[in-house]
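Q: What shape does this take:
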Amino acid sequence: MDAAGMSDERSRLTDDGREALFDTWYRSQYPRVVRVLTVVGGDFEVASDAAAEAFARALARWDRVSAMSSPSGWTYTVALNLLRRRQRRARLERLVALDPLPPPPVAEDYLYLWAAVRSLPPRQRTAIVLRYIADLPQEQVARIMGVAPGTVAATLHAARGKLRSLLDDQDNDGVTTHG
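A: Have a look, this model is predicted:
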């Protein structure tokens, strides 16, 4: 059924009719979307999950999606975005989960610094570690974190400010001395 015919039919249908229309469309399109995502992403399970999520979103917005000239095009776009997001997240999880060699001993004077870094919110902590420990450029940190380079810059700025505040508070409390 073409998009114009689907739109005309949709306007005359009851909720049960719209549900049946979605079901017919879903049954014809879901296998195709999964195949495309499997080829693009190389992982059937991740492709199936992303496709299922995209179709769930289409169902939740079915009145709007079915009125589009290409409900399938909308669904492919959503599914590919979900697939890319999951792949970025998986890469980041693999990077974080790597079991590297034990770190070199840290001078006791710097233990306060690492405690402060660990106290940062996860996004700020990740940006600080990738930028300053892994020594990655901001553009690469942005790709790994799945955000824009400007977001990384703003996150690093906020994290440095928070660290400065935490470390100044520690100095003022007389808890540590470092020079």
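Q: hey, where'd the helices end up in the chain?
A: Shown for the chain, the helices assigned by DSSP state H span residues 3-11, 15-41, 44-60, 62-66, 71-97, 111-119, 122-128, 138-145, 149-173.
Q: What helices and strands are in contact with the shortest one?
A: Read that as helix 62-66. Secondary structure elements in contact with helix 62-66, counted by 3 or more CB pairs under 8 Å, 6 or more residues apart in numbering; DSSP states H and E, are helix 3-11, helix 15-41, helix 71-97. Placement of C-beta: from N, CA and C, glycine included.
Q: Can you tell me which of the ones you listed has the worst average pLDDT?
A: If you rank the helices and strands packed on helix 62-66 by mean pLDDT, helix 3-11 sits at the bottom with a mean of 50.
Q: tell me the centre residue of this protein?
A: The structure's the chain has its C-alpha centroid closest to Arg85; by CA atoms, centre = their mean the separation is 4.4 Å.
Q: Now it: closest residue in space that isn't a chain neighbour?
A: Ranked by CB to CB, 6 or more residues apart in numbering and with sequence neighbours excluded, the top spatial neighbour of Arg85 is Gly146, at 6.4 Å.
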